[in-house]
Structures are given as structure tokens and as C-alpha cells.
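Trainee: Everything below, folded, please.
(chains A and B)
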Amino acid sequence: NAGVTQTPKFRILKIGQSMTLQCTQDMNHNYMYWYRQDPGMGLKLIYYSVGAGITDKGEVPNGYNVSRSTTEDFPLRLELAAPSQTSVYFCASSYPTGGQSSYNSPLHFGNGTRLTVT
Amino acid sequence: GENVEQHPSTLSVQEGDSAVIKCTYSDSASNYFPWYKQELGKRPQLIIDIRSNVGEKKDQRIAVTLNKTAKHFSLHITETQPEDSAVYFCAETGNTPLVFGKGTRLSVIA
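Mentor: From the prediction side, this is the model:
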């Protein structure tokens, strides 16, 4: 299994440009997440999904959009890039245990996308 | 999970000494407490986790303790080695996605 795969690894955007960060997993995990990590900081949840067709906002959703048309893919869209979106973006997935809406299982992270907006 | 405080933010220890990192949380519904290690430029990776029905868990040189009454849990690394140098994140969850602490930068000095 490849696990969680993110593309691209690096990207530089100009203010106002748009882009999509790709994330795919081959572990048949129901749950998928997007986190951002600013320098020297922890991970903040942007959006998450508990299954195909279902998405929910996390702590910092403004300026982003997601979709979940398949179990495998969970792309993150930036519509009008701003310098405040300069960060490292991690996609993750998990397989819920202990109930239908359970988050208490390990996250499997992708290698991240380092985004700079100038 | 709602909020998790992690201390200290930086920690330096001599090789062979022990390191302890502590996290406190506020959500009484929290029932899962993982710890992640992140090396420079890499992704976070799970090193150990504990569930609310257990007070302590060990895996070789790493242990985690949980005090549900006081709402805190701690990571203990014994006999530290230079390769333990990294940033460590605690996290917690109950009925919502994982909430992470801000991290502890551990430096093991040879």
C-alpha cells in the first residue's frame, strides 16, 4: 500500500491565484482530514470527511473548500490565495473503530505540501 | 476534543536521561490520547496512544500515563538517544476529530 499520497510537494502561488492540493489514500479509510501546520506550531484542522459525499468544517476553514466524491480522494481547493495561507498542509486518513462516528483511531499522514503565497 | 495545552514547548536533556512531556485537556468526553513524533521536514508519525480505560501503556523506552480525573496525560521517554530529537505532539479526541497540542521540541544532547 502507498498509504496517503499528497501532490504537489511544493508550490509557490501569487496572491489571488487558485490551486488544488491533491490527496489520495489506498487503505479504504472512511475518514479523511486536512490539517495545516504553521512554522513552530501544531496542526490545525481545516476540513474533514467521514465518507464519500460528506464534508465538515474544522477549526480554520475560511479560504478553503473540499469535496469527497470517492472514498480514496479528498482534494483541498484554495480559491484566492493569501499570504496567511502560507503553510505546510497535511492530509490524513483513519479507519474508525468503536462506533459509527468514532475518531479514536490513529491518523495516517501524507508527506505534506509546502505552500508559499507571495 | 476542545483544547489541549502542552508543556514544555522546548526540552533539552543529556543523552541517557529521561524526558517527560505533559498535556492537559478540558473535554470530559475525550477518550483517546495519541502522541506523534515529527522529525524535521517530515510528517507526524504515531509513536504511542492510550485509551480512557487504561491508566498507563509502555512500548520499550516510551510510556504514556493518563489521569482522567485531573484531565492530563504525559509522555515519558527513558534512556534518551540522539535520534529521539524531534518535535512531539499530543492530541486528544472524544466525539470530534483530533485536536493537537502546539508541540514540544526535544533536543537530546550527546
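
Trainee: can you map out the strands along chain B?
Mentor: Here chain B has its strands, by DSSP state E, at B:4-7, B:10-14, B:19-25, B:32-38, B:45-51, B:56-59, B:62-67, B:72-77, B:86-92, B:99-100, B:104-109.

Trainee: Quick one: closest of those to chain A.
Mentor: strand B:32-38 (3.2 Å; Cβ to the nearest Cβ). In this view, the C-beta of every residue, glycine as well, is placed from N, C-alpha and C.

Trainee: Could you report the neighbour count for whatever residue of chain A ends up closest to chain B?
Mentor: Nearest residue of chain A to chain B: A:N104, at 3.2 Å (Cβ to the nearest Cβ). Neighbours of A:N104 under the rule other Cβ atoms under 10 Å in any protein chain shown: 22.

Trainee: Once you drop chain neighbours, what's closest to it?
Mentor: B:Y32 (3.2 Å; Cβ to Cβ, 6 or more residues apart in numbering or on different chains).

Trainee: per-residue confidence at the one you found?
Mentor: Note on B:Y32: pLDDT of 92.

Trainee: is it true that it touches B:T93?
Mentor: Yes. Using Cβ atoms under 8 Å, B:Y32 makes contact with B:T93 at a distance of 5.1 Å.

Trainee: Can you work out which residues contact both of those two?
Mentor: Shared contacts of B:Y32 and B:T93, defined by Cβ atoms under 8 Å, 6 or more residues apart in numbering or on different chains, comprise A:Y103, A:N104.

Trainee: For the residue most central in space within chain A, name its beta-bridge partners.
Mentor: By Cα atoms, centre = their mean, chain A has its centre lying nearest to A:W34, at 2.3 Å. On DSSP bridges, the residues paired with A:W34 through beta bridges are A:Y47, A:C91.

Trainee: What parts of chain B come near chain A?
Mentor: Taking Cβ under 8 Å from any Cβ of the partner chain as the criterion, chain B approaches chain A at residues B:6, B:31-32, B:34, B:36, B:42-46, B:49, B:51, B:89, B:93-103.

Trainee: Present the strands of chain B as JSON lines; the columns should include distance to A:C23 and mean neighbour count.
Mentor: As requested, those are exported to JSON lines (distance: least, Cβ to Cβ, whole Å; neighbours: other Cβ atoms under 10 Å in any protein chain shown):
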{"stretch": "strand B:4-7", "distance to A:C23": "25", "mean neighbour count": "19"}
{"stretch": "strand B:10-14", "distance to A:C23": "31", "mean neighbour count": "13"}
{"stretch": "strand B:19-25", "distance to A:C23": "28", "mean neighbour count": "20"}
{"stretch": "strand B:32-38", "distance to A:C23": "18", "mean neighbour count": "23"}
{"stretch": "strand B:45-51", "distance to A:C23": "17", "mean neighbour count": "17"}
{"stretch": "strand B:56-59", "distance to A:C23": "29", "mean neighbour count": "12"}
{"stretch": "strand B:62-67", "distance to A:C23": "29", "mean neighbour count": "18"}
{"stretch": "strand B:72-77", "distance to A:C23": "28", "mean neighbour count": "22"}
{"stretch": "strand B:86-92", "distance to A:C23": "20", "mean neighbour count": "25"}
{"stretch": "strand B:99-100", "distance to A:C23": "18", "mean neighbour count": "25"}
{"stretch": "strand B:104-109", "distance to A:C23": "27", "mean neighbour count": "17"}
